[in-house]
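J.: Here's my sequence, what's the structure:
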Amino acid sequence: MRQLIVRFLNVAVIAAVLIGYNTVLDKRDKEDQIARLSAELETTQLQKENLQAAAAASNTADTAASEAAEAEGQYVDGTYDGEADGFGGTIAVEVTVEGGQITDLAITSADGEDSAYLSNAEAIIPKVIEAQSADVDTISGATFSSTGIRNAAQEAIEKAEK
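T.: Okay, here's the model as predicted:
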């Protein structure tokens, strides 16, 4: 009888340890999920702030560059490719010119780039289109990735110049 009680107590202790361990694992999973969601929220807020700052900055400095580009109408219609180094590797872009103006800038390849930096860096695309030039400021928080996009766009734009 005594052995039965000891075995029962051993089983109860093991069950308590397993339940406690599972509770710790659940708590860690929840903390990791909270941290991941907080990081996503922070990234989204930074993107929003960068877009607002980019819009404000582009209304001043880029307006002058845009007016100069419009006066020249300097680009030959077509689609042009460019490549440059970003944060994690080569970034390839495609610039579309219609009516002598840059109408689209698309990233065609950025395999080595960190998705968070790349998504922040994409805020440079409307700035390039608005300025009709790659001579725009990089995006804070994604400097290397946005520099890669800007430099690749510059290479493509140079091919489109008259």
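J.: quick one, helices of this protein?
T.: With helices called from DSSP state H, the chain shows them at 2-57, 63-72, 115-121, 124-131, 143-160.
J.: weakest of those by average pLDDT?
T.: For the helices of the chain, mean pLDDT drops lowest on helix 63-72, to a mean of 53.
J.: can you tell which of the helices of the chain is closest to A106?
T.: helix 124-131 (8.1 Å; C-beta to C-beta). Placement of C-beta: from N, CA and C, glycine included.
J.: Could you tell me the angle between the closest one and helix 2-57?
T.: Angle of helix 124-131 versus helix 2-57, following axes from the mean of the first three to the mean of the last three C-alpha atoms, to 10 degrees, is 10 degrees.
J.: If you drop the residues flanking it in sequence, what lies closest to the spatially most central residue of the chain?
T.: Central residue of the chain (C-alpha atoms, centre = their mean): S119, 1.8 Å from the mean position. Excluding its sequence neighbours, the residue lying closest to S119 (C-beta to C-beta, 6 or more residues apart in numbering) is Q47, at 6.7 Å.
J.: How about A134?
T.: Nearest to A134 is Q154, by C-beta to C-beta, 6+ apart, at 3.8 Å.
J.: Pretty sure that neighbour sits against Y80.
T.: No. With contacts counted by C-beta atoms under 8 Å, Q154 stays clear of Y80, the gap being 10.9 Å.
J.: shared neighbours of the two, anything?
T.: Residues within reach of Q154 and of Y80 at once, by C-beta atoms under 8 Å, 6 or more residues apart in numbering: there are none.
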